[in-house]
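1. Following is a predicted model, sequence given first.
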Amino acid sequence: NAGVTQTPKFQVLKTGQSMTLQCAQDMNHEYMSWYRQDPGMGLRLIHYSVGAGITDQGEVPNGYNVSRSTTEDFPLRLLSAAPSQTSVYFCASSRLGVAGGLETQYFGPGTRLLVL
Amino acid sequence: KQEVTQIPAALSVPEGENLVLNCSFTDSAIYNLQWFRQDPGKGLTSLLLIQSSQREQTSGRLNASLDKSSGRSTLYIAASQPGDSATYLCAPDSNYQLIWGAGTKLIIKP
């Protein structure tokens, strides 16, 4: 099991450029999510998905798009990069709880993004 | 809107001490609460998950408690070791969204 994988590990963009951060999991988890982590702050949820074909917005969705065409993959697209999007991005996955909620979250190693 | 606070923001103690990290949240309508550790420059590792119907969960030297009605959780670390040095984060689960505290940065001095 590779767990949750993210690519690239590090990326530099110029303002206005677009790019896609990749996330994949091989645990057959229904739930996948994207977070950003800024210095001195906790993680903030960008988008999440409870299954293929279903996505929803989190706390900070503006400037980001997602899609979930397969159970395994959950790419995050930056439409027009801005310096405020400089951050570390984490992808996570889990099973859905039988009685509701989420089971233990598994995180990828993160992608460091610098927007100039 | 769920808000999560972790106290203290940083803690430095000598090896061997028992310690308590605190997490408070404003909305008690949660399914569960998870505790994680994050090592510098790394991803997050799950430590414990407490269901809303539980009051405690234990794993090795770690014990987490949950008082959902008062919006509080604590993480107890027994006999601390230098390898426990990391940032510890809590995250209550509200309707498929984990809302995070800023974390407690823990340093265990040999």
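-> The structure has been received and is ready for your questions.

2. C-alpha only now, for contacts and for neighbours.
-> Noted.

3. who's in contact with the closest residue in space to B:Arg61 that isn't next to it in sequence?
-> In space, and not counting its chain neighbours, B:Arg61 is closest to B:Ala78: 5.2 Å by CA to CA, 6 or more residues apart in numbering or on different chains. By CA atoms under 8 Å, 6 or more residues apart in numbering or on different chains, the contact list for B:Ala78 reads B:16-19, B:61-62.

4. How about A:Ala24?
-> Counting by CA under 8 Å, 6+ apart, A:Ala24 touches A:4-6, A:72-74.

5. Could you do B:Lys42 as well?
-> A:109-110.

6. Backbone dihedrals for it, please?
-> The phi/psi pair for B:Lys42 (degrees, to the nearest 10) reads phi -120, psi 180.

7. and A:Ser84, helix, strand or coil?
-> helix (DSSP: H, G, I helix; E, B strand; the rest coil).

8. Give me the neighbour count for it.
-> Using other CA atoms under 10 Å in any protein chain shown, A:Ser84 is surrounded by 10 other residues.

9. Which stretches in the chain count as strands?
-> Just going to use chain A. Here chain A has its strands, by DSSP state E, at A:4-7, A:10-13, A:19-25, A:31-37, A:43-51, A:54-57, A:64-66, A:76-78, A:87-94, A:106-107, A:111-115.

10. I was thinking of chain B, sorry if that wasn't clear
-> Using DSSP E, strands in chain B cover B:4-7, B:10-14, B:19-25, B:32-38, B:44-51, B:56-59, B:62-67, B:72-77, B:86-94, B:97-98, B:104-109.

11. Out of the ones you listed, which gets nearest to A:Thr104?
-> Comparing the strands of chain B against A:Thr104 with CA to CA, the closest turns out to be strand B:44-51 (6.6 Å).

12. relative to strand B:32-38, how tilted is the closest one?
-> 160 degrees (axes from the mean of the first three to the mean of the last three CA atoms, to 10 degrees).

13. Report the closest residue of chain A relative to chain B.
-> Residue of chain A nearest chain B, by CA to the nearest CA: A:Gly42 (3.9 Å).

14. quick one, phi/psi of B:Asp39?
-> phi -90, psi 150.

15. what about it, distance to B:Ile107?
-> Distance of B:Asp39 to B:Ile107, given as CA to CA, to the nearest Å: 11 Å.

16. Kindly report the residues of chain B close to chain A.
-> Where chain B comes near chain A, counting by CA under 8 Å from any CA of the partner chain, the residues are B:31-32, B:34, B:42-46, B:49, B:89, B:93-103.

17. Would you mind listing what in chain A touches chain B?
-> Going by CA under 8 Å from any CA, the residues of chain A near chain B are A:40-45, A:48, A:58, A:90, A:100-110.

18. For ChimeraX, what selects the buried ones among these?
-> The ChimeraX selection below is limited to those of the residues of chain A next to chain B classed as buried (16 or more other CA atoms under 10 Å in any protein chain shown):
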select /A:42,43,44,45,48,58,90,101,102,103,104,105,106,107,108,109,110
